[in-house]
Structures are given as C-alpha cells and as structure tokens.
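K.L.:
Structure, please.
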Amino acid sequence: MRVALTSLFRNASELVESYFVRVAALREALEERSDSLQLILVEGDSIDGTLNRIVARVGGYTADVLQMNHGGPVYGGSIDPERFHQLSRCLDAALGRVPDAADAWLFVECDLLWTPATLLKLLDDLNDVDAVLPMVYGRDRTWFYDTWAFRKDGQHF
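P.N.:
Presented below is the predicted three-dimensional model:
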C-alpha cells in the first residue's frame, strides 16, 4: 500500500521533533508490511521557525513541504467560517500533491499523539470501507477531544 500522510503546521516548532519520531515509527511499520510512506506537510504563517525545523528534519523521506501563508489570525479551537476556509485552502493544496498512485491518504494534525498500530488499523479498515474517521480521545481516554468540530444530527457532541 502506498500511503500519503498530510499534516498542517503553524507555530509548531516545538512539536516538529516529536512529530517526526512518530512518523519514523510509522514508516518503519509500513515498510515491514512492504508498504511505503510519502509526506505532504503544509506550513503557514509561522513566526517561530517551524518551516526551517520541518525542512531540516524531512531529509530521508519522500516528502513535499508546502508553505501556505494565508495571513489569518490564530483561531485556537474556535468555530469560525474564515478559519475553516483557510484550513480548506491548505488541505486543498495538500490533496493536490497526493500522487495518483497513492492507495490511501491520512490527515493527522501535527499535535495529535498516535501510534503506528492505530494508523495501521485505520488503514486496514479501508479494505472494508471507503473512508475512516477515528474518534479522538484525550490522553487518559476518558474524554472525547474534538467536541468543537464533531456533530451528530447537526448538534455538537
């Protein structure tokens, strides 16, 4: 399986090293299955050297590093149509770089903690369904993390 992984970065220089530790473990797990990994990383509007850290760390990977400055404010976890428009521009650019030969596309925010086993399980689920969206829990797994974005029947979780 040829896997493309996209993550977005903004003012995340302190996260780059731990992100690449997880990515290295994922690449190793994929290679054990004779699968491959391509990175499509999008950075924008950082003022803390995030892009330079990504570029310094991306060596040895098949990777596209895109810079997408939109000039918008930092929204944090707020729900704002302009925020989602800016995010969609970044993801559209990333999707445009996913190779036609890719069998799967993963989108993982740069600050999420995950294990290769979790992503491999999600990839394996694609044998039965067209798309997979995991539930995202806090570290102790007792609370659902992404309540601001998820909806059921039009209502927040």
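K.L.:
Now for the residue nearest to the spatial centre of the chain: which residues touch it?
P.N.:
Nearest residue to the geometric centre of the chain (Cα atoms, centre = their mean): Val108, 2.4 Å. Taking Cβ atoms under 8 Å, 6 or more residues apart in numbering, we find Val108 in contact with Leu5, Thr6, Ser7, Trp114, Leu119. C-beta coordinates here come from the backbone N, C-alpha and C atoms, glycine included.
K.L.:
Over to Glu31?
P.N.:
By Cβ under 8 Å, 6+ apart, the neighbours of Glu31 are Leu37.
K.L.:
just checking, it is part of a strand?
P.N.:
No - counting by DSSP: H, G, I helix; E, B strand; the rest coil, Glu31 is not part of a strand but helix.
K.L.:
I'd like the distance between it and Leu120.
P.N.:
12 Å (Cβ to Cβ, to the nearest Å).
K.L.:
likewise Ile47?
P.N.:
35 Å.
K.L.:
Those two: who's more crowded?
P.N.:
Set Ile47 next to Leu120 and count neighbours by other Cβ atoms under 10 Å: Leu120 wins out with 18 against 8.
K.L.:
so what's that one up against?
P.N.:
With Cβ under 8 Å, 6+ apart, Leu120 has these contacts: Ala29, Leu30, Arg33.
K.L.:
Ramachandran angles for Gly71?
P.N.:
Note on Gly71: its backbone torsions stand at phi 80, psi 0 [degrees, to the nearest 10].
K.L.:
is it true that Leu15 touches Cys110?
P.N.:
Yes - counting by Cβ atoms under 8 Å, Cys110 is a contact partner of Leu15 at 5.5 Å.
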